[in-house]
Structures are given as C-alpha cells and as structure tokens.
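Trainee: could you look at this predicted model? Sequence included:
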Amino acid sequence: MASAGQAVPAFVSLAAHPLRWRLLTALARGDYRVRELTALVGEPQSLVSYHLRLLREAGLVSTVRSSFDGRDSYYHLHLDRCADGLAAAGAGLHPALRMQPVPATAPAAQGSRAAVLFACTGNSARSPIAEALLRHHSHGHIEVTSAGSHPKRHMHPTAIRLLRKRFGIDIASQRPRHLHTLAEHRFDYVITLCDKVREVRPDFPAPARHVHWSIPDPAAPDTSSAFSRTVNEIETRIRYLLPVLATPTDLEATA
C-alpha cells in the first residue's frame, strides 16, 4: 500500500486539474482542433493551448497535421497511456486496485445492436480496415459498414494483405461504396477517419453521433510501414470503442 510520504502519481496530478480533466474527457470522445476544444470547454484559446501543451509533454496527447487544411492540427488522446497511468496510480494506492487491460473483444449489450458507419475519402484503406476490425472483434454483434466521399474502384492491396496476414480477414471481394448510398440509413455512430470527409460529411438521420479519428492516409506514402501503423492505431481505437458500444446508456445518450 502507499506510504504516507509517497508522491502523487504524475497522471493524477495532471488529470486532477479541472480544465485538463475537461480536455481529457473531450478528447476521449474523438479528435478535435484547438479552436473546437476552446468552444467545448468555454475557455480562452491561450489557456487551452497551455494545458494541452502540458498534456502533450506528458505523452498523453499528441497532434497530427490536418490532411484537409495543413494550417490545422488535430489533438488525439492516447488512451493506452491514460490506462497505464491509471493502473500505476491504482497499484500505488493498493495492490488490489490494479486495473485490468481492455480486452481485445467485447460482446454487445443484451437487447442492443449498435450501428456504426466508418467514413473516409476513398473507402479503400482506412474505413474498410476499421469496418473489418470492428466486425471481427465484436464477433459480428455490431452492425458495421464503411463508405467514402470519393470511393476508389478497388480495395488497396496492402490493406487486403495486412488484414489477411494478421487477422485472417479477407476483404478482397469487398468493393468501395459511396457515402450517398447510405444517406437514409440509421446509425448510432458515424466515425470519420479522414479530415476532409469530416468537413464535408453528409447528414444522417438522428440519433447518429459523429466522432472523428484523424488518421493520415497510409496510401499517400504507400508503404508497408505506413499501413502497419494505420492498422495498429485503428485497432487500438477499436478496442476502446467496443466497451462504449456495449453499454446501452451510451447509445441512449446519443438519441
């Protein structure tokens, strides 16, 4: 158990500040630009930027340049690092408070079947990877599809190869589809993985909750390492999405 003179864990010190906690909870829902975070928390941009810098220096938050507008950057919360910080804080207080890692799979809640749409530009790499991984890790208990604003003719061969090699998932016969073909469908979550699509996304019937994951297009460098990083990032985000989708109250709150 913790001794009386033990220092407060770094994660606790960072997260305990009211404004930083509000920023963390906002970023836990998706990626945002600084001006959007400023509007969400209702504080001056200079103050928000200062606290974002502290979170970035601690490795909890990082930025990625917008692929739609290079003058903008999206802030992203590293949930695995937050989990590590919480686990260390719990274990430091008492051994029985060690946190368990987020499971790789999670069943849907009884009586609910969430509907999720992943969207990017070409629907040939990022969004079909996310679609395939969510369907795989949820054992098909979640209704999931993907589409693009400017769909390509075929799935990217590297995306096909990596999904087949690492997860035994075959998307070779899948064809990219246009977002407009799904405009009348009902979704609980519409998750954009492309900065451009986020800005021009079509409207979907309520109660769709819009979430953004700012993930660079791996087909731009078109290397195996870029695709591998993309798959790793999407899989991490999927692992943390699963418990949200399996909780009925989270779905009801979006209605």
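Mentor: In hand now; what should we look at?

Trainee: okay, now the unreliable bits of the stretch 151-255 of the chain?
Mentor: Under the criterion pLDDT under 70, the flagged ranges of the stretch 151-255 of the chain are 201-202, 248-255.

Trainee: quick one, strands of the stretch 1-150 of the chain?
Mentor: Assigned by DSSP state E, counting those that start in this stretch, the strands in the stretch 1-150 of the chain fall at 61-65, 73-77, 115-120, 143-148.

Trainee: where is the longest helix in this protein?
Mentor: helix 224-245 (DSSP state H).

Trainee: element containing Val190?
Mentor: Using DSSP states H and E, Val190 sits in strand 189-192.

Trainee: after that strand, which helix or strand is next?
Mentor: Where DSSP H and E defines the elements, the next helix or strand beyond strand 189-192 is helix 195-200.

Trainee: partner strands of whichever helix or strand comes after that next one and their direction?
Mentor: Going down the chain from helix 195-200, the next helix or strand is strand 209-212, by DSSP H and E. Applying DSSP bridges, strand 209-212 is found paired with strand 189-192 (parallel).

Trainee: so what touches the partner strand?
Mentor: Identification of contacts with strand 189-192 by Cβ atoms under 8 Å, 6 or more residues apart in numbering yields 30, 114-120, 130, 198, 201, 204, 208-213, 245, 254. Just so you know, the C-beta spots here come from the backbone N, C-alpha and C atoms, and that holds for glycine as well.

Trainee: cool, and stretch 16-31?
Mentor: Contact with stretch 16-31 is made by 14-15, 32, 37, 40-41, 43, 47-48, 51-52, 54-55, 60-61, 64, 74-77, 79, 82, 191, 211-214, as judged by Cβ under 8 Å, 6+ apart.

Trainee: restricted to buried residues, select those in PyMOL.
Mentor: Here is the PyMOL selection string for the buried members of these, based on 16 or more other Cβ atoms under 10 Å:
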select buried, resi 14+15+32+37+40+41+43+48+51+52+55+60+61+74+75+76+77+79+82+191+211+212+213+214
